[in-house]
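In: 3D model of this:
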Amino acid sequence: MKLKKCKSCGAYTLKDVCPSCGGQTISPRPPKFSPLDPYGKYRRMLKKQAGEA
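Out: Alright, predicted model coming up:
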C-alpha cells in the first residue's frame, strides 16, 4: 500500500476515498523521470495549452 493525498482537503490516507471529506485521493509523488518518456511530448503540449509554461 502507498500513501495517498486527498485532492480536496489535503489529508493523507492509505484509502482511495478520503475518510475526512469523502474526496478522491491521488499519489502525492510525481512519476519517475525517464529520458525515454513516450508521453513527455503530449504532457508538455497540455501544460503549454493550460498556460503553466
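
In: shouldn't residue 17 be in contact with residue 26?
Out: No - judged on C-beta atoms under 8 Å, residue 17 makes no contact with residue 26 at a distance of 11.6 Å. All C-beta atoms are positioned from the backbone trio N, CA, C, and that covers glycine.

In: so residue 41 is in which element?
Out: Taking DSSP states H and E as the definition, one finds residue 41 inside helix 40-49.

In: distance from that helix to the middle of the chain?
Out: 15 Å (C-alpha atoms, centre = their mean, to the nearest Å).

In: what does stretch 22-41 give?
Out: Chain-centre distance of stretch 22-41: 6 Å, with C-alpha atoms, centre = their mean.

In: contact partners of it?
Out: Stretch 22-41 is touched from outside by 2-9, 12-13, 15-18, 43, with contacts defined as C-beta atoms under 8 Å, 6 or more residues apart in numbering.

In: list the buried residues in stretch 46-53.
Out: For stretch 46-53, burial by neighbour count (16 or more other C-beta atoms under 10 Å) applies to no residue.

In: show the average pLDDT along that stretch.
Out: What stretch 46-53 shows for mean pLDDT is 80.

In: using CSV, write out every CA atom in it.
Out: Output in CSV follows, covering the C-alpha atoms of stretch 46-53 (Å, rounded to 0.1, in the frame of the first residue of the first chain):
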residue,chain,number,x,y,z
LEU,A,46,-1.1,20.1,-22.4
LYS,A,47,0.9,22.1,-19.9
LYS,A,48,1.6,24.8,-22.6
GLN,A,49,-2.1,24.9,-23.5
ALA,A,50,-3.1,25.3,-19.9
GLY,A,51,-0.8,28.3,-19.6
GLU,A,52,1.5,26.8,-17.0
ALA,A,53,4.7,27.0,-19.0
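
In: burial check on residue 37, number of neighbours?
Out: Using other C-beta atoms under 10 Å, residue 37 has 13 neighbouring residues.

In: distance check, it against residue 28.
Out: Applying C-beta to C-beta, to the nearest Å, the value for residue 37 to residue 28 is 20 Å.

In: same thing with residue 20?
Out: From residue 20 to residue 28 the distance is 16 Å (C-beta to C-beta).
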